[in-house]
Structure formats: C-alpha cells, structure tokens
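In: sharing a model that was predicted from the sequence below.
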Amino acid sequence: MAERYELKQKEVWDGNMAASHALRQAQVDVVAAYPITPSTPIVQNYAQFLADGYVDGEFVMVESEHSAMSACVGAAAAGGRVATATSSQGYALMVEVLYQASGMRLPIVMTVVNRALASPLNIHGDHGDLYLGRDAGWIHLIANNPQEAYDMTLCAFKIAEDERVRLPVTTNQDGFLVSHTAQVVEPLQDEVAYKFIGDYKPMNPMLDTKNPVTYGAQTEEEWHFEFKASQHKALMESPVVIDEVFEAFEKLTGRKYNRVETYKLDDAEIALVIMGSAYETAMVAVDKAREEGIKVGLLMPRTFRPFPYNEIAEKLKNVKAIAALDRNAPMGAMGALYNEVSGALAANGQSAIMTNYIYGLGGRDITAEHILEVIKETEKNAKAGKRVTDLQGFINLRGPKLSFN
Amino acid sequence: MATPKEMMTTWDKIQPGAVLPSFEDPEKKIRSKFNSYNYKVADWRVEKPVFNRDLCIDCDFCWVSCPDSCFIVEEVVNKRGKKQAKIVGINYNLCKGCAVCVDVCPTPIKSLLMFPEFVDNDEALKQWPTKDNK
Amino acid sequence: MLQIRWHSRAGQGAVTGAKALADVMARTGKYVQAYSVYGAEKRGAPMTAYDKIDDKPILDHSKWMTPDYVLVIDPSLVFQEEIVDNTTDDTIFIVTSHMDKDDLLSIAKHLQGKKVYVIDAIKISQEEIGRAIPNTPMLGAFIKVSGIIPFEDFLTSIEDILSKFPRKIIDGNLRAIKRAYEEVK
C-alpha cells in the first residue's frame, strides 16, 4: 500500500509538480514515459514518488515516445489505469499511437506541457503540439496555471474513465510559463483526491483470460466508418460527463470550471478568444482597457476538444467584433481558434467581425500591453461596423509589420 | 465483400473501440461471430496435409506451429491420470496447405503428409509409407 | 506587487533561491510567482530568475518586469550591463562581490547612482556550506535590506523548506543566511 504524502493546505508548486502530484494521487497502475523538456519533471517527480514508496504502480522507462504511448495502450488494454507525460517532438512522435489509443477507446491520461515544434529547435511554450493532436480523438483540457494543471489532471481521470466516455484525455499547460512557474496551489489530501477519481473500472480487459478479446482489429471499408462515427459520437457527447465532473469538483473544492470560460463578457462589445496562460495575462489587459472605457471581455474554450461551438456562439452573441489569438504557427491558414469560432458563429447565424492574431511562438513574451493593443485594434472594427484592421496580425514580432488579408 | 452479411452491424450497435470478443459464451466456449474460426479461407488450397492418428504421439508440435490454428484438439486423461491434449484432426476450412506441420512432425514415419487436394483422405491413408518404404 | 529579478549562472541555485523565497512568502499568506528564463545553455551560462509577490492572485504570465530588487549572485555578472535593464531609480541592487562598494562602483559604472548593497555571498557559502552556492546567503541579505518579513519567521520557514537535506547542509545554510544578514552593506 502506498504511503500517504503529507501536504500542506497551500503548497508552492510549479505546473509540473502539480501534475505529478495529481498522477500520484490517482494511484496510476502504469506510467510509461520518455522524458522530454519541459515535461521532464513530471516524469522525474513521479519516479521519485515511486522510489520513495508513495506509488504502488509500475513505472516503465521506454526508448522513445512512440514506445511510451504504445506501452500505455498495451497497459490500458490489459485493464489498468494508465498515464504519461510529453511535449513537442515527443508528442509528434506519439501521434500515430494517439489515434490508436482513442480508436480503441482507452482512457489514458496524458499530462502535456505545450512546447513549440521544431524546426528551428525550441524548448519553450507554444501550442504547436496541442494543435497537432487536435484531430486525434482525444479530449483536450486546458490549464492556465499550476492550480489548474493539478485540478484538470484529477478531472481528466474521472472524465476519461466514465463508461459513457472511455476516451483518452490530455491536460495541457504552457511550457515554462506554467510548467516551471511556481505558484500557490491548494491541493486535496491524498484520500480526498483518490475518492474523487474513484477506483478504476476495467472494460474488456485483455488480462481477463476467461473472456479473451481482440484489440486493434482490422476493419476496412465495411466497418471503419461505423467505428469512427461511434467514436466521434462518444467525443461529441462527452460534455455531459465533463460538466458533471466539473460540478462534482466544484462541490468538493469550491473551484468552478466551465467548458467555456469567460471574463467580463456579459456587457462586452468586443471579445478576445485566447487559450492557455495568456488568458490570465489578458485579464490584466481587459481590466486596463475597461479603465479606459473599452467594453471588452474574454472567452476561452476549457475543452479544446470537444470544441464547445454552440456554447461559444451563445456567449458571443452580443459582441460586435472578436479577435481570436492563436499561439501556433498557422502555416497557410488562419489560426485554429479563428476557424473554430468563425464556424461556431456562422452555424448560429451570427456575424461578429472576426480577426486573427498569432502570438507567443516559441515562448515569445506576450504582455498585458501587447494584448491592450489588440483590444484597441478590435475596437476599431466594432466602431466601424466592418473589418478595418488586417485579417491576421502578429503580436510582438520583430521587424516590419507583417499581416495578411 | 469478405464480411458475412449477418455481421454488418450499424454504428449504434457496434463494439466500442473495435474490441471484439472471441466468445459469445466463454463458459460454453461458443465462439462469437467475430471469431475468425467461422471463416472459410481455404478454398484455394491445392495440396492438403492428411493426419494419421495411428502414428501420432501427441507431441503437439503441429498444433504449436500451425499458423492458422487448424488442428482440432480434444482434452483427454492419459494413463497416469493427467490431462493431455489429443490431436484428432485438421480443420480444412482454415488450412491453407503450407505444410509446416509436416515439416515439424517428429515421428519416424511422419504422422502428417501432404497429398493433392483431390485425393480422398481414406485413400491417402492407404497410400501411407511403411517402415521399409519411408 | 513586489518584483524581484535574480541574475545568476546556471547551476548557482537562482531558481532554487527564487522558489524558496516564493515558498517563504506564500506561508505568510501572499500570492507568488517564481519562474526563470531558460535557454539551451549548460551550467555556467548567465540566466535570470524572477519572483513576483502580491496580496492577490497573480494573473500576469508575461516574463517582462520592472524589478523592485535585482539580486546578482555571481560576482562576474555584476559587470554586465544587462543587470540594470528595465530598472528604475528606485530599484535596489544586492550584488555579490569581494570588493567593497566604492571600489566596485568605480569599475561597474552602470551601477553608479543606483541603490546598491554588497555582500560576498560566494565567500560566505564556501566557508559555511562548503560549496560556492550563493543563493541562500543572498536570501539572508535580501531579508535584511528589504525587511519584508521578520528575520526569525524567515529562518523558521527556510529551515522547513530545507528539511529534505541532511542536517549538516541545513545548518551550513542557516549559518550562511545569518552571516549574510549581518554582513550585507
């Protein structure tokens, strides 16, 4: 039996430490991982917990991220609670197996620390890896600070393992900006956290040798479409469970999470859609803008997948202009948030003026002042009643102004 | 199409995650419709292995080596009262005629030999080599 | 919001120092952020670490700040002009050096006219801890100069934070902190 870890009511943890404590409290059966910056400390701390007797499960050091996720798939199919952590290039190497995990409906939890994708090589935070995995059939939860990294990881197990969902979940936190930034975290005690998640309930475990099953069957055209459609349905209907879990978590901790987070949006005329740690920085900018009389609000999808398109359209129905800020190199299109939000509005007959901004690639700093400039540009569109600014702009980019229309 | 019509489930009834059970009823060993044992995959075979029960020593090499699990096995109790697997025949719905079983058969006179598909099994057993003529 | 910037070389313990300070302050009910700016460097490369301390939750995740305090724990970095970047006339510098303040300012001209305190954190850590890890002595100096919390409270908290280390290391660090508290000027 694992030893109990003494936790203070308030700890000063960085996002990595918060995530590794959540994994420890979930009493994961198998963690298979190949450490990569900036998520290395998650794996390192977890291994330390195991060595110190705080974890009962197995820890498997593998030879690559592809193997890490493969081992996770095997262990989850065998019938255990499974988790891992990765970032960037490691995430990219895992992608093939991410689709396998979701296709086999294995409730694996992966604590992702978001980092830019090479080339050029960069260890700092952007959403390149998150966007890479967005169609992989996983639920993607977003955490903006170490407290949320802890909370989302606990919720992730409960969401993934619900029999109505049975899908893998990633929790995402910005590399260094959250993962290596120590802040005050109020953890749950071990027994409370474990009780919240609950015992693992295996479904069709391969280790049930009396009732053998085949995982990874070949289906071809007669079946594949039906399987994928039923998998998509599980993802599309997961919000019911996500809402239940967030509600149960609020009852337990008083901390309220929503699939769509908003800040001062109720009376807002313009809105910014932004995801990750910069959402909190943007709160500071919104407060400054409101002091100057600009009615601006913020919106963030807490679940990047399943994308809460109808809820977002509902929340944005009264704004005149919206800027969607993407922390990813869009490479030949508008950023994903721009596309998703525009689609959500169009589907509901709404026609707020949309613009896109790219920011923070490879960890480039974004300050409240930068966001304030975006707010002021967006206000111009709202006032003019049509788009007068560029369609796609770049924040805090050195050199002559770059934009696309 | 290769999949039998009665297996063509709709999306709302499909097994989540394509996790397919081997048995409809594991206790009674009733195989599920997904089990490939129910498939006929041997129509194109031109040579078949014939099994000679009289020579077999139940070493089970053929059972282990067969890539298509063709060997039909019965559980029997041997002279010393222990459970043992007894090879009783070949499932010709599955056998593709690769002849690996013949290769691994260790008896002095092979208990498994390849014959042309059109030769009747009883006829084949009559043609079996003897000690002087192996 | 109180903002502190550490200048260090990778391996001298600025990250640990910044996190320890954040931990100490969090125990007094404050909200904190402690982070550092990493590169791909090896040990010995110049780097910076940061503390933000406030009465309300800290939302701003940008790395940029105008520090109230600049703590330089490597003697050679004192001479790099980057240490005055984004500072104001009120910014207080606490720097590690074996020189006294006048000799130091005559060479480090970028610090002239600034509020500068000097502590030989390297010598203190070598003598008291046995290794040149100048982070904890710098904390002692910072507590003296800032008066941010009572020194006794600080010692109680830092002893608890260091409790995972062997007793010998804890005692050495506590001696180093106390000496730095006395010797900073």
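Out: Noted; the coordinates are in hand.

In: how about the residues of chain C near chain A?
Out: C:18-19, C:22-23, C:26-27, C:31-36, C:38, C:40, C:57-64 (CB under 8 Å from any CB of the partner chain). For the C-beta atoms, the positions are set from N, CA and C on the backbone; glycine is no exception.

In: at 6 Å instead, please
Out: By CB under 6 Å from any CB of the partner chain, the part of chain C that sits against chain A consists of C:19, C:22-23, C:26, C:31, C:33-35, C:59-64.

In: same question for chain B.
Out: Going by CB under 6 Å from any CB, the residues of chain B near chain A are B:1, B:3, B:11, B:14, B:16, B:17, B:18, B:19, B:20, B:21, B:22, B:26.

In: for residue 23, give me its contacts.
Out: Went with chain A since none was named. A:46, A:83 (CB atoms under 6 Å, 6 or more residues apart in numbering or on different chains).

In: switch to chain B, please.
Out: With CB under 6 Å, 6+ apart, residue B:23 has these contacts: B:31, B:32.

In: give me the distance between it and residue B:89.
Out: 22 Å (CB to CB, to the nearest Å).

In: restricting to C-alpha, output stretch A:11-26 in CSV.
Out: Extracted as CSV, the C-alpha positions of stretch A:11-26 are listed here (Å, rounded to 0.1, in the frame of the first residue of the first chain):
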residue,chain,number,x,y,z
GLU,A,11,1.9,24.4,-1.5
VAL,A,12,4.1,26.4,-3.8
TRP,A,13,4.3,24.2,-6.8
ASP,A,14,5.1,24.7,-10.4
GLY,A,15,2.8,23.2,-13.0
ASN,A,16,5.0,20.1,-13.4
MET,A,17,5.0,19.4,-9.7
ALA,A,18,1.2,19.9,-9.5
ALA,A,19,0.6,17.5,-12.4
SER,A,20,2.9,14.8,-10.9
HIS,A,21,1.2,15.0,-7.5
ALA,A,22,-2.2,14.6,-9.3
LEU,A,23,-0.8,11.4,-11.0
ARG,A,24,0.5,10.2,-7.7
GLN,A,25,-2.9,10.7,-6.0
ALA,A,26,-4.7,8.9,-8.8
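
In: report how many residues lie close to residue C:70.
Out: Residue C:70 has 25 neighbours, counted by other CB atoms under 10 Å in any protein chain shown.

In: do I have it right that it meets residue C:3?
Out: No - between residue C:70 and residue C:3 there is no contact under CB atoms under 6 Å: 9.8 Å.

In: in the chain, which spans are helices?
Out: Picked chain A for this. In chain A, the segments counted as helices under DSSP state H are A:15-25, A:40-51, A:65-78, A:88-103, A:128-132, A:146-161, A:190-197, A:220-236, A:238-253, A:277-291, A:309-315, A:336-347, A:368-384.

In: could you do chain C instead?
Out: For chain C, the helices defined by DSSP H cover C:14-26, C:101-107, C:121-128, C:135-146, C:151-161, C:167-183.

In: cool, chain B as well?
Out: Going by DSSP H, chain B shows helices at B:61-65, B:100-104, B:121-126.

In: now do the second one: everything it contacts.
Out: Right, helix B:100-104. B:49, B:61, B:62, B:65, B:66, B:112, B:114.

In: go with 10 Å
Out: B:47, B:49-51, B:59, B:61-68, B:70-71, B:87, B:90, B:95, B:110-114 (CB atoms under 10 Å, 6 or more residues apart in numbering or on different chains).

In: starting at the chain centroid, how far to that helix?
Out: When C-alpha coordinates are averaged (CA atoms, centre = their mean, to the nearest Å), helix B:100-104 and its chain have centres 13 Å apart.

In: mean confidence for that helix?
Out: For helix B:100-104, the mean pLDDT works out to 97.

In: buried residues in that helix?
Out: B:100, B:101, B:102, B:104 (16 or more other CB atoms under 10 Å in any protein chain shown).

In: also the last one?
Out: Of all the residues in helix B:121-126, those buried under the rule 16+ other CB under 10 Å are residue B:124.

In: how about the CA coordinates for that helix, as CSV?
Out: What follows is helix B:121-126, C-alpha atoms only, in CSV (Å, rounded to 0.1, in the frame of the first residue of the first chain):
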residue,chain,number,x,y,z
ASN,B,121,-8.3,-38.9,-47.1
ASP,B,122,-9.1,-42.6,-46.7
GLU,B,123,-7.3,-43.3,-49.9
ALA,B,124,-4.4,-41.2,-48.7
LEU,B,125,-4.1,-43.3,-45.5
LYS,B,126,-3.9,-46.4,-47.6
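
In: for that helix, packing partners?
Out: strand B:47-51, strand B:112-116 (3 or more CB pairs under 10 Å, 6 or more residues apart in numbering or on different chains; DSSP states H and E).

In: which residues touch it?
Out: B:48-54, B:89-90, B:92, B:113-116, B:120.

In: closest one of those to residue A:77?
Out: residue B:90 (32.4 Å; CB to CB).

In: and residue A:348, how far from residue C:56?
Out: Taking CB to CB, one finds residue A:348 at 36 Å from residue C:56.

In: repeat for residue C:17
Out: Counting by CB to CB - residue C:17 and residue C:56 are separated by 24 Å.

In: the more surrounded of the two?
Out: Taking neighbours as other CB under 10 Å, residue C:17 and residue C:56 compare with residue C:17 leading, 26 against 8.

In: having no further points to raise, I will conclude here.
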